[in-house]
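Engineer: Sequence and predicted structure are below.
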Amino acid sequence: MAFAAWVWAEADPAASLSEAGHYDIPIYGPSDCLLITVGASAAVATFMGAFAFANESNCGLTIYAFLLLVCEAGVITGVVLAYDKDAEVDLIQGLSNSMYMYNENAAAKADIVSDWNELQKVGVCCGVNSYADWRMTPQFRHSQFKVPEMCCQNIDDLRTSSEIRNCQLYPEQFAQDHGELNGCKDKVTNDLEKHQNRVLGASISEIFFIILNFLFVIIGCTI
C-alpha cells in the first residue's frame with residue numbers, strides 16, 4: 001500500500017499535461033488508487049481474520065477468505081490498468097495536445113506552463129518529438145521566439161540572457177550540437193515504463209501478502 005502511494009506521489013508533470021490534453025493515463029491515477037485501496041482493505045481484513053482465528057470462528061474465516069479473494073481481484077485489475085496497451089500512445093498524444101494550450105500570457109494556463117517548464121527542465125528536453133513542435137503552437141506560431149525559454153536554459157553553454165534569447169530566436173542553429181533541444185518523448189515513455197514496473201512490484205508484494213493470509217485461513221480451518 002505504501003509502495004503504491006509512493007508511486008502515485010512520484011507521478012511527473014507529463015501525467016498532468018496529458019490529462020490537460022484530454023488523455024488520462026490509468027497508471028497515474030486509477031491504477032495507483034486501486035492498489036492503495038486494496039492494500040488498506042487487506043490490512044483491515046487481516047485484523048478481522050485474526051479476530052476470527054482467535055475465536056475459532058469458521059464463519060469469520062470464510063468471510064475473511066472471501067475478502068481476500070476480492071482484494072486479489074483488485075490487485076489484478078490494478079495491474080491490467082497499469083499495463084494499458086494504449087498508455088504510451090495516449091501519453092504522447094496528451095502531451096502534444098497540451099502544447100497548444102501553452103500560453104505564457106494567460107493566468108488560466110499557468111499550470112500548463114509550469115508543468116512544461118518542469119518537464120523540460122528535469123528531462124533536459126524540448127517539445128515532444130523535437131524543439132520544432134513548439135513552432136506549430138499558437139504561442140510561438142507568430143512569435144519571433146520559436147521555443148520556450150526553458151529549452152535554451154537547459155544548454156550549459158548558454159550563460160547570458162542574450163545567448164538564451166538568440167537560442168530562442170534560432171534554435172535550429174543550436175539543435176545539431178545540443179541534445180537539450182531533442183524532444184521529451186523518450187524521457188516520458190521511459191518514465192512510464194518505470195512507473196509500470198513499480199506498480200508491478202507493489203502488486204507482487206500485495207499478492208504475496210494475500211497468499212500468506214490464505215495460508216493463515218487454511219491453518220485456522222484445519223485446527
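Structural biologist: Thanks, I have the structure now.
Engineer: C-alpha from now on. contacts and neighbour counts both.
Structural biologist: Will do.
Engineer: ok, residue 14 - contacts?
Structural biologist: Residues near residue 14 by C-alpha atoms under 8 Å, 6 or more residues apart in numbering: 91, 95, 115, 116, 119, 188.
Engineer: do the same with residue 154
Structural biologist: By C-alpha under 8 Å, 6+ apart, the contact set of residue 154 is 121, 124, 125, 180.
Engineer: Select from the contacts of residue 14 every entry located in helices.
Structural biologist: Among the contacts of residue 14, DSSP state H puts 91, 95, 115, 116, 119, 188 in helices.
Engineer: Just checking, which helix or strand of this structure averages the lowest pLDDT?
Structural biologist: Sorting the helices and strands of the chain by mean pLDDT, DSSP states H and E puts helix 2-9 at the bottom, at a mean of 50.
Engineer: domains for the chain, by residue range?
Structural biologist: Per the record, the chain has its domains at 2-86+193-222, 89-185, by automatic domain parsing.
Engineer: rank these by pLDDT, which is bottom?
Structural biologist: Least confidently modelled of the domains of the chain is domain 2-86+193-222, at a mean of 74 by mean pLDDT.
Engineer: and it, how far from the chain's centre?
Structural biologist: Remark: domain 2-86+193-222 is offset 18 Å from the chain centroid, using C-alpha atoms, centre = their mean, to the nearest Å.
Engineer: neighbours of the residue nearest to residue 13 when sequence neighbours are not counted, just the number please.
Structural biologist: Once flanking residues are discounted, residue 13 sits nearest to residue 115: 5.2 Å by C-alpha to C-alpha, 6 or more residues apart in numbering. Neighbours of residue 115 under the rule other C-alpha atoms under 10 Å: 18.
Engineer: what's the answer for residue 208, then?
Structural biologist: 11.
Engineer: host element of it?
Structural biologist: helix 185-222 (DSSP states H and E).
Engineer: Could you name the helices and strands sitting against that helix?
Structural biologist: Judged by 3 or more C-alpha pairs under 8 Å, 6 or more residues apart in numbering; DSSP states H and E, the packing partners of helix 185-222 are helix 2-9, helix 30-54, helix 58-82, helix 87-99.
Engineer: Could you look up the next helix or strand downstream of the first one?
Structural biologist: What it means is helix 2-9. helix 13-20.
Engineer: can you pull the alpha-carbon coordinates of that following helix into CSV?
Structural biologist: Extracted in CSV, the C-alpha atoms of helix 13-20 (Å, rounded to 0.1, in the frame of the first residue of the first chain):
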residue,chain,number,x,y,z
PRO,A,13,4.4,16.7,-14.9
ALA,A,14,3.8,14.6,-18.0
ALA,A,15,0.8,13.0,-16.3
SER,A,16,-0.8,16.4,-15.6
LEU,A,17,0.0,17.6,-19.1
SER,A,18,-1.5,14.5,-20.6
GLU,A,19,-4.7,15.0,-18.5
ALA,A,20,-4.8,18.6,-19.6
